[in-house]
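Student: structure here, sequence nowhere to be found:
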Ligand SMILES: Nc1ncnc2c1ncn2[C@@H]1O[C@H](COP(=O)(O)OP(=O)(O)OP(=O)(O)O)[C@@H](O)[C@H]1O
Ligand SMILES: [Mg+2]
């Protein structure tokens, strides 16, 4: 059985159908990439998986490790191992990044029956993670994402992912806004997390990311449906030709 | 029918006169008898200050909704409580005070219980170094009244503020800080004023005078707290004169007993290039009104007048602020944030006045209220009065509920909804608390906010 099974998923927002029947199965250890034109429902899919309010599932199912994901609250999903790196991470004034990271980590530890993390241990953990991702340590004392540059926000998302150690991570355009060096660092961070028990879903517009994090499968999402799937060569084809071919089909 | 209507009218008239009489009785009967014995009474100018203030009280009575400054804050409950002068209260158990008082690290603590100075609970402060004088108000006014001649009452304006008039009419104890030119007092001073009525409602009127000569620097924290019992009325007034280039950090916290009333006023004069940084924290008490008036008198004088309040149950909090730009290139900055739940009311009145000569002035004001449910009422009255033409002034006000996207972001990291809300509420207030530049004071206020939040059940109710 796959770690994630999405079957015939239909989702509406404000009465408008955005996802029109998604089928996707992802196994442990796999990296899947989703590409597609603007506004075709990629972020919508990521939010539905993460459990955001306001997305009405009108049809279909999502199983995570055999359990009905759609019945779980967002926080339960996260503690069960689902992680979404946001396309637009929220700025939260007044909440220090470190306070937030600690709360998130402790929520997970409680779920696992562990005690809250010791202050020193937390500090050391954060120090080593920020170093790996080349994030200035000072940044975690600042309010969460407030005033972070676009690239800093994306790195902070990857820091959170690496700290929470998810089984299924959706990265929604984590590459956009990163400079060339940061892209390498962040990709390195993701690659380091690749293992047989962990599954990634990368949403991206650029083939460049996929040359660093080489996907097992590439899917094309157009008009709320997956219209084609293939291996990494599909990304190269899209880079060269664009989406015109699929959009014509869609219109037809 | 007619008769009962008439009765009602009569009753209304009666309550109105009673309202006036109560003030006079409470303040003349019980207090005036002792007037001759009040510290400094032998000095005609001190006596004059008190007499004038009482005459104002007597003439005006307790302000009602028709008085513009009290439009949103009713003093009915104060008027209807028969307070006695607090010094008559003698059954106060002070043993628990160290447990309830928010203690500022490394501070020189000066403690008052019901307005009475308590040397036994305070730190030593006779010898704080050359140029530093910290003394009980009653000592100074008795033994060297001349030193206060141009200070006491110089900016308090009892004719404009009921709070100031009541304090000035009955001021008795308190403290005076004087720093000579260029003296930097490294240790912060913390005034802890504790209300404890015991079995009878009582009122007290602590008076603090702070004078920083040119170039002097200090940090002063005023912590107003209380013990459970009958309601008390804490009516404090703090008068501050800052000479050229002087820098004062002044943080006032009110975490009064839930039945208590607090009416406090701060009046500040800021000379050329001097800086006044302040923070008002209002967390508990049945009714808390903090008034602040800052006069930016000299070129380049600057003031930060921030604050935060948290309200639950049936609390009422009022922050009424006036910032007067009276000289060129003066700067003021104000952010006030409030969190409200339940049957509460939060009032912010913020007036910024820019005089004709105060060119190139910069004045900024922001009030933000966060409503945790549909119960609270927020009244925000910003007022800009600008008579100069070359100025930068901006004010803004928002009132809103919690941002569901923020809640989702935190929950998407595994944080449960209640914890997420608590973190966000804390963050909402901390955002302005972070502006406190003195570290130990900042830590103290952050702790107080955290403790307050932990006590609130409001955050456990899910739906807005
Ligand atoms: N609250 C909403 N109300 C109405 N339409 C919405 C709402 N949220 C999303 N949509 C619409 O749903 C569609 C899909 O949006 P989505 O963000 O999923 O696109 P995307 O594929 O991630 O695009 P991009 O590549 O630009 O990030 C868009 O047309 C968008 O305008
Ligand atoms: Mg998107």
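Tutor: Received the coordinates, thanks. Bear in mind the structure is a predicted one, so any value in this text is a computation, not a measurement. Ligands and ions are numbered 1, 2, ... in the order given.
Student: all contacts plus neighbour counts: C-alpha atoms, from now on.
Tutor: Fine.
Student: how about whatever helix or strand residue B:440 lives in: buried residues?
Tutor: Secondary structure assignment for residue B:440, by DSSP states H and E: helix B:439-455. By neighbour count with 16 or more other C-alpha atoms under 10 Å in any protein chain shown, helix B:439-455 contains the buried residues B:440, B:441, B:442, B:443, B:444, B:445, B:446, B:448, B:449, B:450, B:452, B:453.
Student: please apply the same query to stretch A:81-94.
Tutor: In stretch A:81-94, counting by 16+ other C-alpha under 10 Å, buried: A:81-87, A:89-94.
Student: swap in stretch A:167-185?
Tutor: A:167-176, A:178, A:182-185.
Student: which residue ranges form the strands in the stretch 151-300 of chain B?
Tutor: B:174-179, B:189-195, B:202-204, B:207-212, B:217-226, B:232-234, B:237-242, B:247-255, B:261-270, B:275-284, B:287-296 (DSSP state E, counting those that start in this stretch).
Student: most tightly surrounded among those?
Tutor: strand B:232-234 (a mean of 30; mean count of other C-alpha atoms under 10 Å in any protein chain shown).
Student: about what we covered before: which one of the buried residues of helix B:439-455 is nearest residue B:309?
Tutor: Comparing these against residue B:309 with C-alpha to C-alpha places residue B:449 closest, at 9.0 Å.
Student: and the closest one, how far from residue B:181?
Tutor: Residue B:449 sits 36 Å away from residue B:181, going by C-alpha to C-alpha, to the nearest Å.
Student: one more: residue B:308?
Tutor: Taken as C-alpha to C-alpha, the span from residue B:308 to residue B:181 is 33 Å.
Student: one more: residue A:89?
Tutor: 51 Å.
Student: kindly report the same for residue A:181.
Tutor: Per C-alpha to C-alpha, residue A:181 is found 55 Å from residue B:181.
Student: and if you look at residue B:229?
Tutor: 44 Å.
Student: now residue B:122, nearest residue through space, not along the chain?
Tutor: Spatially, and ignoring its direct neighbours in sequence, residue B:122 is nearest to residue B:110 (4.7 Å; C-alpha to C-alpha, 6 or more residues apart in numbering or on different chains).
Student: can you classify the one you found by secondary structure?
Tutor: Here residue B:110 is strand, with the state taken from DSSP: H, G, I helix; E, B strand; the rest coil.
Student: what number of residues lie near it?
Tutor: 25 (other C-alpha atoms under 10 Å in any protein chain shown).
Student: pull the contacting residues for it.
Tutor: B:117, B:118, B:119, B:121, B:122, B:123, B:189, B:190, B:191, B:192 (C-alpha atoms under 8 Å, 6 or more residues apart in numbering or on different chains).
Student: in the stretch 101-250 of chain A, which spans are strands?
Tutor: A:168-172, A:199-203, A:217-222, A:225-230.
Student: just put those in a markdown table and tack on distance to chain B and mean pLDDT.
Tutor: Shown next, in a markdown table, are those (distance: least, C-alpha to the nearest C-alpha, whole Å; pLDDT from 0 to 100):
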| stretch | distance to chain B | mean pLDDT |
| --- | --- | --- |
| strand A:168-172 | 12 | 97 |
| strand A:199-203 | 16 | 97 |
| strand A:217-222 | 24 | 96 |
| strand A:225-230 | 25 | 95 |
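Student: looking at those, spot the one closest to residue B:104.
Tutor: strand A:168-172 (45.3 Å).
Student: what angle do that closest one and strand A:199-203 make?
Tutor: 10 degrees (axes from the mean of the first three to the mean of the last three C-alpha atoms, to 10 degrees).
Student: setting aside sequence neighbours, what's the nearest residue to residue A:35?
Tutor: Nearest non-adjacent residue to residue A:35 (C-alpha to C-alpha, 6+ apart): residue A:220, at 5.1 Å.
Student: and the one you found, bridged to which residues?
Tutor: For residue A:220, the beta-bridge partners are residue A:35, residue A:228 (DSSP bridges).
Student: is it true that it touches residue A:226?
Tutor: Yes. Contact criterion C-alpha atoms under 8 Å: residue A:220 and residue A:226 qualify, at 5.5 Å.
Student: higher neighbour count, residue B:308 and residue B:181?
Tutor: Between residue B:308 and residue B:181, residue B:308 has the larger neighbour count (other C-alpha under 10 Å), namely 27 against 18.
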